[in-house]
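*Asks:* please work out how this folds:
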Amino acid sequence: MAPPRRGSIPRPQRTPLPRIAAICVGLCVLTSCLWSVSPTIAAETFYTGKTVRILVGFGPGGGYDLYARTLGRFFGRHLAASLRSSCRTCRAPAASRS
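*Replies:* Next up is the predicted model:
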């Protein structure tokens, strides 16, 4: 290797850090993908054929009631399609008081 010319900036030596960083990122992505599948499978086997009840602790006509009915409609549509489950919204106004 020739000595650098006067006034020129020497080139930095290449390090293996970019390759090691890429391998670490790849392993992290692979691990997170594998971990995200496991809870989905467990939830699918648990909820198959069951009824999900949403219990609202306030009376009919309120904001929480509207929110729970909207969620119930959404869950009912998607649970019935994928897990053969159903969803019910139940109101218990006395449940909000201690």
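
*Asks:* what's near enough to touch residue 70?
*Replies:* Contact partners of residue 70, counting by C-beta atoms under 8 Å, 6 or more residues apart in numbering, are absent. Quick note: C-beta positions are derived from backbone N, CA and C, even for glycine.

*Asks:* quick check: pLDDT value at it.
*Replies:* In this model, residue 70 is scored at 87, pLDDT.

*Asks:* give me the distance from the helix or strand where it lies to the chain's centre.
*Replies:* Following DSSP states H and E, one finds residue 70 within helix 63-82. Once both centres are worked out by C-alpha atoms, centre = their mean, to the nearest Å, helix 63-82 turns out to sit 19 Å from its chain's centre.

*Asks:* please parse this protein into its domains.
*Replies:* Per automatic domain parsing, the domain ranges recorded for the chain read 19-44, 49-98.

*Asks:* residue 59 contacts residue 92, doesn't it?
*Replies:* No - the criterion here is C-beta atoms under 8 Å, and residue 59 misses it with residue 92 at 9.5 Å.

*Asks:* re earlier: buried ones in the helix holding residue 70?
*Replies:* Residues 65, 68, 72, 75, 76, 79 are the ones in helix 63-82 that count as buried (16 or more other C-beta atoms under 10 Å).

*Asks:* any idea which of these is closest to residue 53?
*Replies:* Among the buried residues of helix 63-82, residue 72 lies closest to residue 53 (C-beta to C-beta), at 9.2 Å.

*Asks:* so what's the closest one up against?
*Replies:* Residue 72 neighbours (C-beta under 8 Å, 6+ apart): 54, 87, 88, 89.

*Asks:* what about burial for those residues, which qualify?
*Replies:* 54, 87, 89.

*Asks:* just give me the closest of these to residue 31.
*Replies:* Here the nearest of the buried ones among the contacts of residue 72 to residue 31, counting by C-beta to C-beta, is residue 87; it sits at 33.1 Å.
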